[in-house]
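**Q** predicted structure and sequence below. I'll ask about it afterward.
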Amino acid sequence: MSQTITVQVKLLPTKEQASILSEMSQSYISTINTLVSEMVAEKKSTKKSSKHISVALPSAVKNQAIIDAKSVFKKAKKNKYKVIPVLKKPVCIWNNQNYSFDFTHISIPIMVNGKATKTPIRALFADKDNRHFDLLKHKLGTLRVTKKANKWIAQISVTIPTIQGTGVKVMGIDLGLKVPAVAVTDDEKVRFFSNGRQNKYVKRKFRSERKTLGKKKKLNAIRNSKDKEQRWMKDQDHKVSRAIIDFAKENKISVIRLEKLANIRQTARTSRK
């Protein structure tokens, strides 16, 4: 038995490298969206290969874009084309045969002067007891590079064994709206955390309060209300995270995996509140 987790590593690209990564990330999602649009129009999966895609991306990245586009198309086909996903967040993905790393850099093929060149990008692997490197000794999957809050992040997919005797127990965390967090261990123990309805009620209360203050033009009171709401939200997050860690300790969990937020935008959009 095995389980896939994601190891996040902070990247420190040069200005030139950051510019190249930005362009490649935009080209990557644009390529996927174009391919999906073509497949939806033809109602069948594409037979294109990297040589049919004329964008400034390495061949390996083009092939990964085709794989991702086919995956998106399958989802659209499954729901009978009622929802056609359109990617917006810039990202770029390499398969496990096209990147390497050491203690200070991750090397990936990027476009330099019009040519795909394997280039080392500075990375911060340092953590106590080298836990990142211990995890990266297992089977590696794709490398996903994205930008979060003006910081470049490399997300490496790792498949680790969870059978008895490996000493590695994994717990997955799903985040949502009605239930802020759900934890599931690899031996199928489940725990729900916090109350989504209560959270939404408190947020509505703060918004209503600020609306009333806005009519009275009490700007300082509005700012104080926003600060108070942020402190309350931070306190709730802290309590949930603390409860998750305590639950993990109780079950002797070694690795906590944060799941992808599936359809979170669609859920939020159709929510009554």
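**A** Noted; the coordinates are in hand. Quick caveat: nothing in here was measured; it's all calculated off a predicted structure.
**Q** so which elements touch the helix ranked longest in the chain?
**A** Using DSSP state H, we find that the single longest helix of the chain is helix 219-250. Applying 3 or more Cβ pairs under 8 Å, 6 or more residues apart in numbering; DSSP states H and E, one finds that helix 219-250 contacts strand 170-175, strand 181-185, strand 190-193, helix 196-215. Using the backbone N, CA and C atoms, a C-beta is placed for each residue, glycine as well.
**Q** adding mean neighbour count and mean pLDDT, write those out as JSON lines.
**A** As requested, the helices and strands packed on helix 219-250 are exported to JSON lines (neighbours: other Cβ atoms under 10 Å; pLDDT from 0 to 100):
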{"stretch": "strand 170-175", "mean neighbour count": "18", "mean pLDDT": "78"}
{"stretch": "strand 181-185", "mean neighbour count": "18", "mean pLDDT": "80"}
{"stretch": "strand 190-193", "mean neighbour count": "14", "mean pLDDT": "81"}
{"stretch": "helix 196-215", "mean neighbour count": "13", "mean pLDDT": "86"}
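**Q** in TSV: these, plus distance to residue 30.
**A** Listed next are the helices and strands packed on helix 219-250 as TSV, based on distance: least, Cβ to Cβ, whole Å:
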stretch	distance to residue 30
strand 170-175	28
strand 181-185	34
strand 190-193	38
helix 196-215	35
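**Q** any idea which of those gets closest to residue 258?
**A** Of all the helices and strands packed on helix 219-250, it is strand 170-175 that lies closest to residue 258, at 5.2 Å by Cβ to Cβ.
**Q** follow-up on the earlier one: report the buried residues of the longest helix of the chain.
**A** 222, 225, 229, 236, 240, 244, 247, 248 (16 or more other Cβ atoms under 10 Å).
**Q** which one of those residues is nearest residue 204?
**A** residue 229 (10.8 Å).
**Q** in space, what's closest to the closest one - neighbours in sequence excluded?
**A** Nearest in space to residue 229, with sequence neighbours left out and distances taken as Cβ to Cβ, 6 or more residues apart in numbering, is residue 206 at 4.3 Å.
**Q** likewise for residue 98?
**A** residue 60 (4.3 Å).
**Q** residue 141 contacts residue 4, correct?
**A** Yes - at 6.8 Å, residue 141 and residue 4 qualify as touching, with contact defined as Cβ atoms under 8 Å.
**Q** where do the contact lists of these two overlap?
**A** With contacts taken as Cβ atoms under 8 Å, 6 or more residues apart in numbering, residue 141 and residue 4 have 157, 158, 159 as neighbours in common.
**Q** the closest residue to residue 253 other than its chain neighbours and residue 251: what is the separation?
**A** Excluding its sequence neighbours, the residue lying closest to residue 253 (Cβ to Cβ, 6+ apart) is residue 171, at 4.4 Å. Distance of residue 171 to residue 251, computed by Cβ to Cβ, to the nearest Å: 7 Å.
**Q** can you list residues touching both of the two?
**A** residue 185.
**Q** helix, strand, or coil at residue 84?
**A** At residue 84 the chain is in coil, as set by DSSP: H, G, I helix; E, B strand; the rest coil.
**Q** quick revisit: where is pLDDT lowest across the shared contacts of residue 141 and residue 4?
**A** pLDDT across the shared contacts of residue 141 and residue 4 is at its lowest for residue 159, which sits at 84.
**Q** how about whichever helix or strand that residue is part of: buried residues?
**A** Using DSSP states H and E, residue 159 sits in strand 151-161. Buried residues in strand 151-161, counted by 16+ other Cβ under 10 Å: 152, 154, 155, 156, 157, 158, 160.
**Q** what do you get for stretch 12-29?
**A** Buried-residue list, stretch 12-29, by 16+ other Cβ under 10 Å: 13, 17, 18, 20, 21, 23, 24, 25, 27, 28, 29.
**Q** sounds good, over and out.
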